[in-house]
Every structure is written in structure tokens, then in C-alpha cells.
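A.B. asks: Below is the sequence, then the predicted model.
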Amino acid sequence: MTERAPSRRGLGVVTRYRGRPSEHSILVENGRVIRHGRAMDCVVTRRRRVIAVPGICMTGHMGFSARTSDMEPVSIDGEVVYKIVSPIKAASCFDFTVDPRTNEHTSDGLTEVRKAVVSVTRDLLRDEMSRIGVERVLGKEPDIGRAVLIRLRHSPRLRELGVRPVDVFIKDLKVRPDTVKALEGRMTISCAQQVAMPQGTDAGLPWQSKQTEPPQDDDASSGMECTEDCPFRHMCGDYMDDLRGGKAWCTLFREFST
């Protein structure tokens, strides 16, 4: 008489699961958490489900456009580094189910949490860009990244997801070539004005400078007088309008009368 093997109909397929040290494993049965922890070693049946939440830093790539306070388009390329610090909260928002035999995720939880973090970061980054002008954008990638990181750390949305931002890297901020050319021209003019501006409290802008000397006479008009006896006074339409202290400026001969 042969001995029959014990039936496993009630237990179903039994699999031994060994969690990774870098993951926080959660064993769920009938919607209730039975056990959880890192590097968890347990037996999994068909009635049980294993959730593995990564505990390492993860990266989300950002590539989108924004507008500055003066409505100039800016192309943004960067990355946001984040970490799940509350596995139970994250598991209640996303599906991190794994196959206990292969330890591979069978769900899209990792992708969904990355999309959520990038979405929050994108909204804050666009809002930050809308507060500054385009002339303050070029070369300010580290400053803008730090400003967005501070706002991310106070984001209630990320706290609800159990996520903590680690860093925000802004690799490149690109504006249109014609905008760059206009900014360079504006900076060149500003630098030239600062160099040419005289020292002292009375120094003004170039168009506010006062003429202290009459224009230089050329050889052709040297010695000519602009008086009532001038034979060309009827040809000079500005003769009577340009009287200056009893002397008139002759626009024809470009000199003052003596």
C-alpha cells in the first residue's frame, strides 16, 4: 500500500520570500498587514501578497518649458532626487507588489511615484521661474535649484506620499537665441555707459549731459559771422529761433556770431 502525500489544497502554492536589505517589505493577507520590515524572510501563500517599497534614493528626469516674469520661454533640463521615508504611506498610495519568487515588481508603483514627484517639482519650478526676469535666469541654475528644493521640502503633497526630496539639479536653462543676443547687447550698452559716465553727484545719463562748449568750427566756416548783414540769413530757417544771449547760431556755417 502506497502512502499518499499530504494535501496542500487549503494552503495553496507555498513560496519562501527573502526581502532585500534596500527594500521595506510588507506582507499583506486579506487586506491586512501581517508583517513588515527590511530583509524580511517569510512564507507566502496564495492568500498573501508581498509589497516591497524601495528605500534607496531614486531619480526623476525633468524636461519641460516654463515662462519668466516677462513672458520669455525657457527650456528646462534637470533631475530631482527623492527617497521614500514612509513605506506604509507610500504603499497606501501606490502599488509596489512583487513576485515573491523573483523579487521583481509586477506593478507600476515605481513609475507612478516618480511621475508624482516630477509633477510636483515641475509645478513649483514653473512658479519659481514666473517670479524672475529672463535676465536673471542665465547662469543661475544652482540658485534656482536650491530655491525649488526648499519649497519641495515644505510640500504637503510629498509628505502625504511619504516622500522626501533630496536634491534638485538644474542642468541647463535655455532661452531663445534672439533673446540671448538682445540680453548681450543690453549688457554691453550698460557696461559702456558705466565706463563713460563721469564721476560725481552731477553725473547723469548720456542724454542728460549738458553742452558746455560750442561745436567745433571747420575750415570752411571759419571767420564767418551770422548777423543781419549775412547774405545767407534768409536761407537759414533757424536764425531767429536759435538766438542765444544776443548771438545767433548759424546752421549753415555751423558757428556762433561774434
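C.D. replies: It's in.

A.B. asks: the helices in the stretch 1-150 of the chain, which residues?
C.D. replies: For the stretch 1-150 of the chain, the helices defined by DSSP state H, counting those that start in this stretch occupy 87-93, 109-129, 141-153.

A.B. asks: Which of those sits closest to Asp178?
C.D. replies: Among the helices of the stretch 1-150 of the chain, helix 109-129 comes nearest to Asp178, with 19.0 Å by CB to CB. To be clear about C-beta, it is placed using only N, CA and C from the backbone, and glycine gets the same treatment.

A.B. asks: CA atoms of the closest one as PDB?
C.D. replies: Extracted as PDB, the C-alpha positions of helix 109-129 are listed here (Å, rounded to 0.1, in the frame of the first residue of the first chain):
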ATOM      1  CA  GLY A 109       4.200  51.800  -8.400                       C
ATOM      2  CA  LEU A 110       7.800  52.900  -9.000                       C
ATOM      3  CA  THR A 111       6.800  54.600 -12.200                       C
ATOM      4  CA  GLU A 112       3.800  56.300 -10.600                       C
ATOM      5  CA  VAL A 113       5.700  57.700  -7.600                       C
ATOM      6  CA  ARG A 114       8.300  59.100 -10.000                       C
ATOM      7  CA  LYS A 115       5.600  60.800 -12.100                       C
ATOM      8  CA  ALA A 116       4.100  62.300  -8.900                       C
ATOM      9  CA  VAL A 117       7.400  63.700  -7.600                       C
ATOM     10  CA  VAL A 118       8.300  65.100 -11.000                       C
ATOM     11  CA  SER A 119       4.900  66.700 -11.400                       C
ATOM     12  CA  VAL A 120       5.100  68.500  -8.000                       C
ATOM     13  CA  THR A 121       8.600  69.600  -8.800                       C
ATOM     14  CA  ARG A 122       7.600  70.900 -12.200                       C
ATOM     15  CA  ASP A 123       4.800  73.000 -10.800                       C
ATOM     16  CA  LEU A 124       7.000  74.600  -8.200                       C
ATOM     17  CA  LEU A 125       9.800  75.200 -10.700                       C
ATOM     18  CA  ARG A 126       7.400  76.900 -13.200                       C
ATOM     19  CA  ASP A 127       6.100  79.000 -10.400                       C
ATOM     20  CA  GLU A 128       9.600  80.000  -9.300                       C
ATOM     21  CA  MET A 129      10.500  80.900 -12.900                       C
END
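
A.B. asks: and it, which residues are buried?
C.D. replies: 109-110, 113-114, 116-118, 120-122, 124-126, 129 (16 or more other CB atoms under 10 Å).

A.B. asks: Give me the pLDDT for Gln193.
C.D. replies: Looking at Gln193, its pLDDT stands at 55.

A.B. asks: go on, Arg157?
C.D. replies: pLDDT recorded at Arg157 is 95.

A.B. asks: ok, how many other residues are close to it?
C.D. replies: Residues lying near Arg157 (other CB atoms under 10 Å) number 13.

A.B. asks: picking up where we left off before, kindly reformat the helices of the stretch 1-150 of the chain as TSV and extend each row with distance to Ser25 and mean pLDDT.
C.D. replies: Putting these into TSV (distance: least, CB to CB, whole Å; pLDDT from 0 to 100) gives the following:
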stretch	distance to Ser25	mean pLDDT
helix 87-93	9	94
helix 109-129	14	96
helix 141-153	28	94
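
A.B. asks: Turn those helices into TSV, columns for distance to Ile34.
C.D. replies: Converted to TSV, these look like this (distance: least, CB to CB, whole Å):
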stretch	distance to Ile34
helix 87-93	13
helix 109-129	20
helix 141-153	34
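
A.B. asks: Please tell me how far Thr179 sits from Pro54.
C.D. replies: 41 Å (CB to CB, to the nearest Å).

A.B. asks: that older thread, and the buried residues of helix 109-129, which is closest to Cys42?
C.D. replies: Using CB to CB, these come closest to Cys42 at Gly109, 19.9 Å.

A.B. asks: follow-up on the earlier one: just the buried residues of helix 109-129 now: which is nearest Ser22?
C.D. replies: Ser22 lies nearest to Leu110 out of the buried residues of helix 109-129, by CB to CB, at 13.1 Å.
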